[in-house]
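**Q** give the three-dimensional model of this entry:
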Amino acid sequence: MEREELGSLFGRITRRLITAEGPLLDDHGLSMWGYSVLSQLARQPGVNQLTLATAIGYDKSRLIALLDVLERDGLIVREPDPADRRNRQVRLTAAGQARHTAVQADIRTMEDDLLGELTAAERRSLISMLARLAKG
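**A** From the prediction side, this is the model:
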């Protein structure tokens, strides 16, 4: 029997994840892109807007509107970049960090449910392999 192509498998898994994450993000008042920004800033605080857009794969011309919403909600702050005052650095606020932590906990619980058929060793192995493939 021929195996299913990776694109098809990943596509189906991605759709399952997006469907499961949507309500969780909604419950926390975030869009998928808003969560992506908070996650990136949690990993890499104080990046400039262009670096942020590149890191999350978001159109830099649309990023300002997204950041406006997150800033209005008190989740981020934008400050002049000391290295280039024409640029702005973006940081999480305490409220942004708290919101990110709460959403991430809910997402991890959903992921644990999704991976429930795998052993703990299989889960660790899968996540490790996916991380390696994602870097490639």
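**Q** for the lowest-mean-pLDDT helix or strand in the chain, packing partners?
**A** The weakest-scoring helix or strand in the chain, judged by mean pLDDT, DSSP states H and E, is strand 84-92 (a mean of 89). Applying 3 or more C-beta pairs under 8 Å, 6 or more residues apart in numbering; DSSP states H and E, we find strand 84-92 packed against helix 32-43, strand 47-48, helix 49-56, strand 76-81. Every residue, glycine included, has its C-beta placed from N, CA and C.
**Q** buried stuff in that strand?
**A** Residues of strand 84-92 classed as buried by neighbour count (16 or more other C-beta atoms under 10 Å): 88, 89, 90, 92.
**Q** so what touches that strand?
**A** With contacts defined as C-beta atoms under 8 Å, 6 or more residues apart in numbering, strand 84-92 is touched by 37-38, 41-42, 45-50, 52, 67, 75-81, 100.
**Q** again, only this time at 7 Å
**A** By C-beta atoms under 7 Å, 6 or more residues apart in numbering, the residues outside strand 84-92 that reach it are 38, 41-42, 45-49, 52, 67, 75-81, 100.
**Q** same thing with stretch 93-100?
**A** Here stretch 93-100 has contacts from 28, 38, 39, 42, 74, 75, 76, 77, 92, using C-beta under 7 Å, 6+ apart.
**Q** that one: how far from the chain's middle?
**A** Between the mean C-alpha location of stretch 93-100 and the chain-wide mean there is a distance of 14 Å, by C-alpha atoms, centre = their mean, to the nearest Å.
**Q** how about stretch 104-121?
**A** Distance, stretch centre to chain centre, for stretch 104-121: 17 Å (C-alpha atoms, centre = their mean).
**Q** also stretch 103-112?
**A** On C-alpha atoms, centre = their mean, the centre of stretch 103-112 falls 12 Å from that of its chain.
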